[in-house]
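Asks: 3D, please:
(2 chains)
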Amino acid sequence: AQSVSQHNHHVILSEAASLELGCNYSYGGTVNLFWYVQYPGQHLQLLLKYFSGDPLVKGIKGFEAEFIKSKFSFNLRKPSVQWSDTAEYFCAVKHGSSNTGKLIFGQGTTLQVKP
Amino acid sequence: GAGVSQSPSNKVTEKGKDVELRCDPISGHTALYWYRQSLGQGLEFLIYFQGNSAPDKSGLPSDRFSAERTGGSVSTLTIQRTQQEDSAVYLCASSGKGQGVTEAFFGQGTRLTVV
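Replies: Just a heads-up that it's a prediction; the model follows:
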């Protein structure tokens, strides 16, 4: 069965520290990859996405992610976190190259940034 | 409206009662998803509608759960004979207007509490 695994469930960092959140998926075909963020009290919103092309994608607020096909990974990174990055982060995978196919999420990672 | 709208935003119900949760997707979006978000459980896929195709119901946890999408637009998730373990935030998302793969846009969710 399709699955998405996020290795870090709860991460605590100080401001200005670097961030890397792991995401692995279990499908060998064409995939579309997403990172969503949920700030406290807000709805889920897209952080960045990969469909094709350059495997290093940049998103909002200085976040980036790298698609490594051989490792089935799509890790999220940020060089220097801010207190406002405190949120829950979800990795998601959709199979295929069209708009069909369900979107599967990982368990989420709670990031707490200490001022 | 411009975004995905869910109602009610909060619902408290007694164990054993039936509940209906409503989702109004973004106009023109062909795909509609329902997820359940419980503390520490991430986003659990429930059901996926794509255009006029048969829905993917593989995530529904029991036969007490059902969903329909009328006219390719509004969707209703029904939970019969609610149990305390059904307490969670139920999220709806839609995607798919235009060519190629697009990201899913989420509603604010319905917080269901079964007492």
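Asks: and stretch A:47-64, what's buried?
Replies: By neighbour count with 16 or more other Cβ atoms under 10 Å in any protein chain shown, stretch A:47-64 contains the buried residues A:47, A:48, A:49, A:50, A:51, A:57, A:59, A:63, A:64. In short, each C-beta sits where N, CA and C put it, glycine included.
Asks: tell me which helix or strand the first one sits in.
Replies: Under the criterion DSSP states H and E, the helix or strand holding residue A:47 is strand A:45-50.
Asks: is that strand positioned near chain B?
Replies: Yes - using Cβ under 8 Å from any Cβ of the partner chain, strand A:45-50 reaches chain B at A:45, A:46, A:49.
Asks: need the contact list for the first one.
Replies: Shown in contact with residue A:45 (Cβ atoms under 8 Å, 6 or more residues apart in numbering or on different chains): A:36, A:37, A:38, B:106.
Asks: how close does the closest residue to residue A:82 other than its chain neighbours sit to chain B?
Replies: Nearest residue to residue A:82, sequence neighbours excluded (Cβ to Cβ, 6 or more residues apart in numbering or on different chains): residue A:15, at 6.0 Å. Separation of residue A:15 from chain B (Cβ to the nearest Cβ, to the nearest Å): 26 Å.
Asks: hang on, isn't residue A:15 packed against residue A:111?
Replies: No - taking contacts as Cβ atoms under 8 Å, residue A:15 lies outside contact range of residue A:111: 12.0 Å.
Asks: looking at those two, which is more packed in?
Replies: In this view residue A:15 and residue A:111 are compared by other Cβ atoms under 10 Å in any protein chain shown, and residue A:111 has more residues nearby, 21 against 13.
Asks: could you tell me which residues of chain B lie near chain A?
Replies: So chain B meets chain A at B:30-31, B:33, B:35, B:40-43, B:45, B:48, B:50, B:53, B:56, B:91, B:93, B:95-96, B:100-109 (Cβ under 8 Å from any Cβ).
Asks: which of those fall within strands?
Replies: Within the residues of chain B next to chain A, residues falling in strands by DSSP state E are B:31, B:33, B:35, B:42-43, B:45, B:48, B:50, B:91, B:93, B:95, B:105-106.
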